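Novice: With the sequence up front, the predicted model follows.
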Amino acid sequence: MNGFIESLKSYLPASWTSAGAIVPVLRFSGAIGVVTPLRPGLSLSTSAAAIDKAFSMSGAKAVAI
């Protein structure tokens, strides 16, 4: 399958296939600090894993929130 994808890249413009900067994106939604079983929200305990993963990606130039 990988060879098939590589062969398709020859038909695309070079600007579409060149490797650019890696920027992880974190998307959060909900009230900050108000977390109950009936009212989900954002807290460090619910967001820590995603934040750690985004900032630990090798080669990442920035993290977008």
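Specialist: Here it is on my side, so go on.
Novice: Regarding Ala19, what is its secondary structure?
Specialist: Secondary structure for Ala19, judged by DSSP: H, G, I helix; E, B strand; the rest coil, is coil.
Novice: what about the strands in the protein?
Specialist: Counting by DSSP state E, the chain has strands at residues 31-32, 41-42.
Novice: deepest of those strands, which one?
Specialist: Stretch with highest mean neighbour count among those: strand 41-42 (a mean of 14; mean count of other CB atoms under 10 Å). For every residue, glycine as well, the C-beta is placed using N, CA and C.
Novice: could you dump the strands of the chain to JSON lines with mean pLDDT?
Specialist: As requested, those are exported to JSON lines (pLDDT from 0 to 100):
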{"stretch": "strand 31-32", "mean pLDDT": "84"}
{"stretch": "strand 41-42", "mean pLDDT": "84"}
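Novice: now the ones you listed as JSON lines including distance to Ser56?
Specialist: Formatted as JSON lines, these follow (distance: least, CB to CB, whole Å):
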{"stretch": "strand 31-32", "distance to Ser56": "23"}
{"stretch": "strand 41-42", "distance to Ser56": "20"}
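Novice: Can you check which of those gets nearest to Ala60?
Specialist: Counting by CB to CB, Ala60 lies closest to strand 41-42 out of these; the figure is 21.8 Å.
Novice: strands paired with the closest one, and their directions?
Specialist: Paired strands of strand 41-42, with direction, are strand 31-32 (parallel) (DSSP bridges).
Novice: Could you list the residues in contact with the strand it pairs with?
Specialist: 39, 41-43 (CB atoms under 8 Å, 6 or more residues apart in numbering).
Novice: Closest one of those residues to Ser10?
Specialist: Leu42 (44.6 Å).
Novice: Enumerate the beta-bridge partners assigned to that closest one.
Specialist: Beta-bridge pairing of Leu42 under DSSP bridges involves Ile32.
Novice: I'd say it and Gly33 touch.
Specialist: Yes. At 7.1 Å, Leu42 counts as touching Gly33 under the criterion of CB atoms under 8 Å.
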